[in-house]
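Asks: just a sequence and a predicted model for now, questions to come.
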Amino acid sequence: IPNTTYSSSVSMVELTGVASRVVGVALGIIFLFLALIPKFLALVLAIPAPVVGAFIMVLIAMLFMLGMKIVVQSGIDYRNGLICGISFWIGSGLQSGAIYPDFVSSIAAGTFENGMVGGGLVAILLTLVSEFAFKTRKRMVVDLEINSLPEINSFVQKISKTHSWSDDFTIQVEGAAEEALLILCNQAESAEEKGLLQLMIKAESEQAVLEFIAADSKENLQDRIALVGSDFSGPDLEREVSLRMLKHLTTSVQHERYHGTDIITLEVKKSTSNRHGSI
């Protein structure tokens, strides 16, 4: 969203696989020195326009596909489709000057002429409006320990009554939440202090999305599930059972880490014969 961030940066990270701050700082220092060398600038300006155009086209294509990948992973329903569609076209209109160009250029020194800024803000506002309008997300905070399981089950049962889930689907959601809690607790055993676990459930009539936010853990759950089937023994056997159960009960598992915070998202659908179709 900040205007100082270029949209092509996302594509460069995807292309190079490098997102380290240290690398960014090092490149920044190198470019500062190169800016003092006139011949380097002349070399850059000598690059043919078709070459630069092809490079930019590849970056924009990668940015578009990365955005579509995120949208597809989140699930395309009428709500997400509406938010993405409106945000995309408003961003495109602002970038091309098709939406009140004189008025937009006079706001915040033309900041909103950037399609990433305008489209991103529209997406955020539409998401907030939809969250308050439909109120499909419920959340709770408990201690990151196995004793919190009864509270989590009670929370799931309360949501089940609100959305008229069947008993089988309620048990399926409870099982997925239990296995995720067990895995997080096992990973947090080495910590000196027990942290907190935030559970957020987005519920619908035939599916539920569970999002666990917990403190630092050392392993990526998504990668571990992808390796299910390898030989395990001893202390790893219990964890392997939990991973297999989680794989069976869910249709998708996503595990992301941000500055030591783990965000695990489980998607559970009713009556899925081939569960865990994507990771």
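Replies: Received, thanks.
Asks: got the domain ranges for the protein?
Replies: Per automatic domain parsing, the domain ranges recorded for the chain read 8-133, 136-269.
Asks: give me whichever of those is most buried.
Replies: domain 136-269 (a mean of 16; mean count of other Cβ atoms under 10 Å). (C-beta placed from N, C-alpha, C; glycine too.)
Asks: would you single out the least confident of the domains of the chain?
Replies: Lowest mean pLDDT within those: domain 136-269, at a mean of 77.
Asks: how far off centre is it?
Replies: From the chain centre to the centre of domain 136-269 is a distance of 16 Å (Cα atoms, centre = their mean, to the nearest Å).
Asks: tell me which residues are up against stretch 21-28.
Replies: Stretch 21-28 has contacts (Cβ atoms under 8 Å, 6 or more residues apart in numbering) with no other residue.
Asks: repeat for stretch 92-107
Replies: With Cβ under 8 Å, 6+ apart, stretch 92-107 has contacts from 90, 110, 112-115, 118-119.
Asks: dump those residues to a markdown table, plus secondary structure and distance to residue 156.
Replies: Formatted as a markdown table, those follow (DSSP: H, G, I helix; E, B strand; the rest coil; distance: Cβ to Cβ, whole Å):
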| residue | secondary structure | distance to residue 156 |
| --- | --- | --- |
| 90 | helix | 38 |
| 110 | helix | 49 |
| 112 | helix | 42 |
| 113 | helix | 46 |
| 114 | coil | 42 |
| 115 | helix | 41 |
| 118 | helix | 39 |
| 119 | helix | 36 |
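Asks: so what secondary structure elements neighbour the helix or strand residue 125 falls within?
Replies: Using DSSP states H and E, residue 125 maps to helix 115-134. Here helix 115-134 touches helix 78-96, going by 3 or more Cβ pairs under 8 Å, 6 or more residues apart in numbering; DSSP states H and E.
Asks: just after the helix it packs on, pick out the following helix or strand.
Replies: Heading C-terminal from helix 78-96 (DSSP H and E), you reach helix 101-105.
Asks: and that next one, how far out from the chain middle?
Replies: 33 Å.
Asks: before we move on, what about stretch 96-105?
Replies: Counting by Cα atoms, centre = their mean, stretch 96-105 comes out at 31 Å from the chain centroid.
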